[in-house]
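K.L.:
After the sequence you'll find the predicted model.
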Amino acid sequence: MQQIDMNSPEFQAEFEKTWNFVEKVNKQFGFVQNPNEEVNEGVAMGLARNKLIYGKRYCPCFMVIGETKEEQKAADNRICPCKPALEKEIPQDGLCHCGIFCTPEYAKKQAQHDEVEEAVHTHSKGLTKEQAQSLLNEEQLDGDEIEALIEARELGMVEFTLLDVREFMEFQMGHIVGTDALVPTSQFYAKIEEHNDKKSKNIIVYCHTGSRSFQVQQAMKSMGFEKVSNLSRGIVAYGGDTQRG
């Protein structure tokens, strides 16, 4: 396999050509680049490398099959922008498999998501109202995110109902401060009826490790609850305040 020196004039020249190619594709199809610059740079470097090695900008996220050009052509290797990305991945998911080409809508949403993630995990709290509401729309949340949302609720930025779906004994041993109600999984269908007036409102569910609450989340969605989020790793991964009793 040919070794490529990233610092060589040859590679740098091809790298620049690749960026021109990316801009051309964006303009042709109305795409934009991923808001994560590391993703873009990594993919662009892979495209430039493949161009130098194989003579074509094969997708760097997949192995290039075939030793000769004839074998590579017969193997139908992905050439950027590849057919699966144009016909399926970008229309359905908002971005290609490698992530460098995105729809403007996806890029905007992802940029907002990344901003919230940075605020939550760097500062833990201090979300703006817009960031808090955006975070509340995520289906799977971690402990830091729940803690930040509870503070945002205390400040009147967002509204949601926090449900513990463990059993009564577990609840007594310790639950998240700010929990609004206990809906034991063993009594789920009877107890959830008490919250039927919240089907269009935000609800967050949690259990011990996230497994039971995930099942509850899916059940609630099938029952018409529209905005249910789950503490994905459970109370064991929650670093905020808890209380007994």
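P.N.:
Good, I have the coordinates.
K.L.:
Name the residues of whichever strand or helix holds E147 that come out as buried.
P.N.:
E147 belongs to helix 143-154 when elements are defined using DSSP states H and E. The neighbour-count criterion (16 or more other Cβ atoms under 10 Å) identifies G143, D144, E145, I146, E147, A148, L149, I150, E151, A152, R153 as the buried residues of helix 143-154. The C-beta positions use only the backbone N, C-alpha and C, and glycine is treated the same way.
K.L.:
Could you do stretch 71-91 as well?
P.N.:
Q72, N77, R78, I79, C80, P81, C82, A85, E89, I90.
K.L.:
State the mean pLDDT of the helix holding E147.
P.N.:
What helix 143-154 shows for mean pLDDT is 92.
K.L.:
and that helix, what other elements does it pack with?
P.N.:
When contacts are defined as 3 or more Cβ pairs under 8 Å, 6 or more residues apart in numbering; DSSP states H and E, helix 143-154 packs onto helix 104-123, helix 129-136, strand 202-206.
K.L.:
wait, which of the ones you listed is closest to E14?
P.N.:
helix 104-123 (25.7 Å; Cβ to Cβ).
K.L.:
mind checking how far that closest one is from the chain centre?
P.N.:
Put simply, helix 104-123 sits 10 Å off its chain's centre (Cα atoms, centre = their mean, to the nearest Å).
K.L.:
can I see the domain layout of this structure?
P.N.:
Residue ranges for the domains of the chain, per automatic domain parsing: 9-102, 109-243.
K.L.:
So for the last one, first residue to last residue, what's the gap.
P.N.:
In other words, domain 109-243. Using Cα to Cα, to the nearest Å, the end-to-end distance of domain 109-243 comes out at 36 Å.
K.L.:
what are the ranges of the helices in the protein?
P.N.:
Applying DSSP state H to the chain gives helices spanning 9-29, 37-54, 69-74, 83-84, 90-93, 104-123, 129-136, 143-154, 168-173, 188-191, 211-222.
K.L.:
For the second one, name the packing helices and strands.
P.N.:
Helices and strands touching helix 37-54, as assessed by 3+ Cβ pairs under 8 Å, 6+ apart, comprise helix 9-29.
K.L.:
so the helix it packs on versus helix 37-54, what angle?
P.N.:
Per axes from the mean of the first three to the mean of the last three Cα atoms, to 10 degrees, the angle that helix 9-29 makes with helix 37-54 is 120 degrees.
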